[in-house]
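S.K.: okay, predicted coordinates and the sequence, questions at the end:
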Protein chains: 4
Amino acid sequence: MTTLSTDILAELEKQAIELPSWAFGNSGTRFKVYGTPGTPRDPFEKIADAAQVQKYTKLAPSVALHIPWDKVSDYSELRRFAQDHGVELGTINSNTFQDDDYKFGALTNEDPAVRRKAIDHHLECIEIMNQTGSRDLKIWLAEGSNYPGQADIRGRQDRLQESLQEIYAHIGDDQRLVLEYKFFEPSFYHTDVPDWGTSYVQVAALGDKALVCLDTGHHAPGTNIEFIVMQLLRLGKLGSFDFNSRFYADDDLIVGAADPFQLFRIIYEVIRGGGYGNPDVAFMLDQCHNVEDKIPGQIRSVLNVQEMTARALLVDTAALSIAQKSGDVLAANAVFMDAFYTDVRPALAEWRESRGLAGDPMAAFAASGYLATIAEERVGGTQAGWGA
Amino acid sequence: MTTLSTDILAELEKQAIELPSWAFGNSGTRFKVYGTPGTPRDPFEKIADAAQVQKYTKLAPSVALHIPWDKVSDYSELRRFAQDHGVELGTINSNTFQDDDYKFGALTNEDPAVRRKAIDHHLECIEIMNQTGSRDLKIWLAEGSNYPGQADIRGRQDRLQESLQEIYAHIGDDQRLVLEYKFFEPSFYHTDVPDWGTSYVQVAALGDKALVCLDTGHHAPGTNIEFIVMQLLRLGKLGSFDFNSRFYADDDLIVGAADPFQLFRIIYEVIRGGGYGNPDVAFMLDQCHNVEDKIPGQIRSVLNVQEMTARALLVDTAALSIAQKSGDVLAANAVFMDAFYTDVRPALAEWRESRGLAGDPMAAFAASGYLATIAEERVGGTQAGWGA
Amino acid sequence: MTTLSTDILAELEKQAIELPSWAFGNSGTRFKVYGTPGTPRDPFEKIADAAQVQKYTKLAPSVALHIPWDKVSDYSELRRFAQDHGVELGTINSNTFQDDDYKFGALTNEDPAVRRKAIDHHLECIEIMNQTGSRDLKIWLAEGSNYPGQADIRGRQDRLQESLQEIYAHIGDDQRLVLEYKFFEPSFYHTDVPDWGTSYVQVAALGDKALVCLDTGHHAPGTNIEFIVMQLLRLGKLGSFDFNSRFYADDDLIVGAADPFQLFRIIYEVIRGGGYGNPDVAFMLDQCHNVEDKIPGQIRSVLNVQEMTARALLVDTAALSIAQKSGDVLAANAVFMDAFYTDVRPALAEWRESRGLAGDPMAAFAASGYLATIAEERVGGTQAGWGA
Amino acid sequence: MTTLSTDILAELEKQAIELPSWAFGNSGTRFKVYGTPGTPRDPFEKIADAAQVQKYTKLAPSVALHIPWDKVSDYSELRRFAQDHGVELGTINSNTFQDDDYKFGALTNEDPAVRRKAIDHHLECIEIMNQTGSRDLKIWLAEGSNYPGQADIRGRQDRLQESLQEIYAHIGDDQRLVLEYKFFEPSFYHTDVPDWGTSYVQVAALGDKALVCLDTGHHAPGTNIEFIVMQLLRLGKLGSFDFNSRFYADDDLIVGAADPFQLFRIIYEVIRGGGYGNPDVAFMLDQCHNVEDKIPGQIRSVLNVQEMTARALLVDTAALSIAQKSGDVLAANAVFMDAFYTDVRPALAEWRESRGLAGDPMAAFAASGYLATIAEERVGGTQAGWGA
């Protein structure tokens, strides 16, 4: 059996992946959202579910919130609830895509009153961050237009910078603003932050506490994502990841499910560029569990990241460097593939057990009966979703 | 000014484009559906709105229904209502993607009881067709899976054929079954009818009354759609079009909005292959008006098709053929582009006026005050949408 | 260590992957073709190189020829040469894309004289097949147009069928015609056989001895290739594979290099559909080794196919079926992934040794000094390439 | 007939599009390069051909050179020759993709000696620029890798910056360095400058005389190119365009041929962002005429740009702005489309005639007999191409 060195295990010890509260609510497509018995009805229940992932894996110590989906009257109560369940509150995600006022833009809107409202929403998020102890304000700018001519895309870019400037001015010394880019959807002609370059120039104009968020599902077909990881790390601007996977568009599937080798290459570049075990680079999931169970879906996801990290740590970088320098293409590729093809799962199971965890977290969770319990207990109320 | 010959005008006279009832209801993305004052609350109001498109353009004499979205207790009443408003009821669209039972497939489901239910739904649709006088049953098979291994894709293909056989057996002598394909969404790993080839082999195995429906937004990036039009016409299996346009995925934008030249090429191949003015090939819209007004959105759409048809009819096919045969690439392309670049709009406006229509249907509709009227009248109730 | 059951080993014993003679010559892009010392100068040297792959792997018992690149005066001599080196001559590939006459098409050309020439070329290929003992005539139809309007795409489709009919009439009782499709390149607007559907309808119209060739690099971005494998097997029309891999277009990289999980899924569907160990489905490589050494590039390729076949054979189909039928998405996916993630390499190495082969064929070949020998011996002459 | 205002004609008067010398030589795909009678054998003949485009259109006053393809012993002689033919020498394009030393990179190579050679090549190009009076050094960095692991992509990025720094230090006060990005090809896994963001960060680190070159064919499928135009103009970093068009990859078709509406949108954003009639933004073609005649192919191309510029100048920006601000999607889109659909060709022909040019430059060139003359005169020698 492949063994993992103590150095590698020490690296794996550092791994922490933030879970999105909304992954525990219902999600779907524009055609249908399927509900499931036991789906949380409020932020507390989402956190309770997220805590299960942490309980069985010790990989998911924090939970990101989405405002307004996770608004509560008392954030310190929510924070204590989380801590009582063994997790912390993490990134605060703003929402400028579900209010009728935002139909034609929020931070980019032609109307100053709408921009004001959108900026104020972010200031409210920062206020919540102060209460939750969150470091990061994440902005996914779901703004754009559907038809050529509909919008003045240049004016919107300038207004975006102005709006961000005002928000950034309120970011605390220990806080950060991370700006997520997305190729398309919900807009179908132009998106105001469609690519890493746009996110980069927008945050670079703000200052050191503004960084880029890379969602692995938000790129054009064929994009070499690990290259972008490399570049953003090189520029000191990779603030966080939203992990998920895709075959077509922003499918939001379980990370590693669609193209495990791509996940390997991404994590390899994170390590290569000094982004692993580095608090400046946050790892987070952003997925939809449309047809599979949500809690085990999240457990599977963090395990996928862990397993692929172990593989990436196995790369014999000395041998790789020699092969690269000598132009031996097949040898270099072989070093890379050898790590990818190594089955680290038994060694990881053993390591988990040595730390008091179940070797197979999926099986342990299934055996716990938690899903049946919540299905029974959570009766009535409205299942949480995206509020679309 | 460019004039359109009497031959071309005679061809344009034949044009009929079916409208989808659901285009008049609200639609959106998984993130948000924006409502609009005046949105229909029931099938009658949808038809009343659709009739406005016909009133101003004489291009849209029929309206497709979607079951169960357009279920009514008395279809002959609905039919009379339509006729009183100057339109006919058209294609019946089935729905196997919004019932909890269909989470893992309908006509392809592993469970015979679910397949039974899905087949029965189609038999009910055929029964409705008998009452509405509809010719076509359109099946968009929104089935598939999200994860590799989730489904036995081969078994599903065989079950699909079995289910279709049973439905087809109920198709009347003057009725047709058209099977729509789609590249992806709502499923994100595999779709049971993802391409024209699959739709073709499935309907070819059924018989002459089964044909393919080509939705212009349902292809992989870069696909040459006019080639597929050519091939399906050549095979005698192009049953109908769902027109719309796209920049990225199945954006469902106004037909001709994203790539007008592509629409030109598609219509050129329709004409070239004998599909124009041919009742065997149905023209229909299938669009979403997420951010624009719905009725003028539909008027714009049928005008786009009409204008592009006029351009395609302008192609000097004799000159084109000579250039093609002689290998004069630039000359052949120039003949093609000359027709595309010709501004047919003034001549069409004049022709409309000669037929008692407004030269500018968009302006005439806007001036009618209809939108304000329905916004005022349609108070209360639930605005129609996709029921997602 | 994972062990491979005797059943699986028995299956692996059946594996045979045909090598393309042209993979041993130089190849490159339109920008540059790099040469390498020792590159073969004639078909005999190509076969000698191909025989090295067979020697070290026992996976590659035959070599495909390309006419006219591999024309020789005496094919029985070439056949004997091959057999003396331990390999057979395999598929004959025709070429209708490098003659000035074919600039605007070969089998589809408007000019009957050009079509005649192209048909005659294929009859010559069949004559060569009779001498080489080859079963398959493979036609990659590299025809199309670059500009809209340039070609009458419908007329070309009809002429293609006529030309193929004439060729098919000469196919012997034990011979087959396989028609390869390709999304684009060398043509950039339309390609006459761009997708599996077109290849299917063309060969279905010919008869039972005409089948489809699936080149894994010839699809639109995002295409689910294993679905096509499933469908063609279901239709009894999957004649052969051209294996390679791609990140962007028709990159012709080493099979399994770009997306190993996709290769796993493809081979799983081959097995699922009865295409494995089935002489009706030919496995072949079609790759370019632009920057890596050619012989080890081919060794790496056949090993990749073997390793992925072993993984696909490991799928616990009983457990998979239970999970699929019960709608347990995560369980079904887990069964699938478990096989993929299993490291079969040590067991395969052991098995190779038990059969008298080197456990590590790459290392054994490198140690043989063959590359240095041919670099020294093959001095003068013109290195083989594509003749572009 | 649509008339073009004197304001618009004054704008059109400013238009100048640089031609690439290599467009007059042979080009093709990796499968085949077709030759044509009369193809230039040396840089002088290429310039003579380019001068024909200028003669008939007055749109193409300069010709870009490619080193080493256009190396001559005396550049002042070449410059005089050009001026005698009515054109100037323009951008100097370097070449780091055709020397065996560059197989694994040039400016990014692990080997300092290879980087030295590549840097020296650029210094030689700058020296040529001093002799030709060229302003711009254009670097298309055709470097990358084919297999994961083959290259240290981070190290290459750093070395690229170092190499560019050294080249930039030699750029004269009136000279500029423009860095072109490309999604993929000739490399198939990673490219060192794959997107606008990478080009931007590389040139931003150099200084004010370093800018981005946008080739319209070098993007991922679905990319909104006009958005990038907007962004680079906003950042003051859009140095030049390489115009062409594509359906699939880097097809290098005639600009405007594949998606005329996209060309319209691009030019609209150029105008919107102050890039039109602005010497800081160079317009250039970079195309291949694989199957069509080269000189008329270039004439067609510059006319396409001119016609689309006229359309873009017709946009009623006041009406557009009102519609945009009011959220009237259909009205805004209609203003945009109205300009696009306006047939400016008759007015342009009239204007040409008023300036002493032929109204139809394509016909005038055809009538001149130039192609027949060069086919007759240019006998012997080697036709120019890419030297691949």
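M.R.: Yep, that arrived. Numbering: from 1, shown residues only, chains lettered A, B, ... in the order given.
S.K.: now stretch A:138-157: average pLDDT?
M.R.: For stretch A:138-157, mean pLDDT is 97.
S.K.: all strands of the stretch 1-150 of chain A, in order?
M.R.: Ranges of strands in the stretch 1-150 of chain A, per DSSP state E, counting those that start in this stretch, are A:17-20, A:62-66, A:88-93, A:136-140, A:144-145.
S.K.: name the helices or strands packed onto the fourth one?
M.R.: Yep, that's strand A:136-140 we're talking about. With contacts defined as 3 or more Cβ pairs under 8 Å, 6 or more residues apart in numbering or on different chains; DSSP states H and E, the packing partners of strand A:136-140 are strand A:88-93, helix A:112-132, helix A:153-168, strand A:176-180, strand A:210-215, strand A:238-243. (Each C-beta comes from the backbone N, C-alpha and C, glycine too.)
S.K.: same deal with the last one?
M.R.: In this structure, strand A:144-145 makes packing contacts with strand A:190-191, judged by 3+ Cβ pairs under 8 Å, 6+ apart.
S.K.: are the strand it packs on and chain D in contact anywhere?
M.R.: Yes. Counting by Cβ under 8 Å from any Cβ of the partner chain, chain D is contacted by strand A:190-191 at A:His190, A:Thr191.
S.K.: A:Glu353 contacts A:Gly359, doesn't it?
M.R.: Yes. Checked against Cβ atoms under 8 Å, the pair A:Glu353 and A:Gly359 is within contact range at 4.8 Å.
S.K.: name the residue in those two with the higher neighbour count.
M.R.: Taking other Cβ atoms under 10 Å in any protein chain shown, A:Glu353 and A:Gly359 do not tie; A:Gly359 has more neighbours (15 against 12).
S.K.: and the closest residue to the more buried one other than its chain neighbours, how far from chain D?
M.R.: Distances taken as Cβ to Cβ, 6 or more residues apart in numbering or on different chains put A:Ala349 closest to A:Gly359, at 3.6 Å, once the chain neighbours are dropped. With distances defined as Cβ to the nearest Cβ, to the nearest Å, the gap from A:Ala349 to chain D amounts to 27 Å.
S.K.: neighbouring contacts of stretch A:266-281?
M.R.: A:11, A:14-15, A:211, A:216, A:225-227, A:229-230, A:233-234, A:238-241, A:305, A:308-309, A:312-313, A:315, A:336, D:152-154 (Cβ atoms under 8 Å, 6 or more residues apart in numbering or on different chains).
S.K.: need the buried ones from those selected in ChimeraX.
M.R.: To isolate the buried members of the contacts of stretch A:266-281 in ChimeraX, using 16 or more other Cβ atoms under 10 Å in any protein chain shown:
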select /A:11,15,211,216,225,226,227,229,230,233,234,238,239,240,241,305,308,309,312,313,315,336 /D:152,153,154
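S.K.: residues from the stretch 51-200 of chain A in reach of chain B?
M.R.: Contacts of the stretch 51-200 of chain A with chain B, taken as Cβ under 8 Å from any Cβ, map to A:97-98, A:100, A:103-104, A:142, A:145-148, A:150, A:183-186, A:188-189.
S.K.: of those residues, buried ones?
M.R.: Among these, the ones that count as buried by 16+ other Cβ under 10 Å are A:97-98, A:103-104, A:142, A:145-148, A:150, A:183-186, A:188-189.
S.K.: in the residues you listed, find the pair that's most separated.
M.R.: The largest separation in these, counting by Cβ to Cβ, is between A:Gln98 and A:Pro148 at 25.1 Å.
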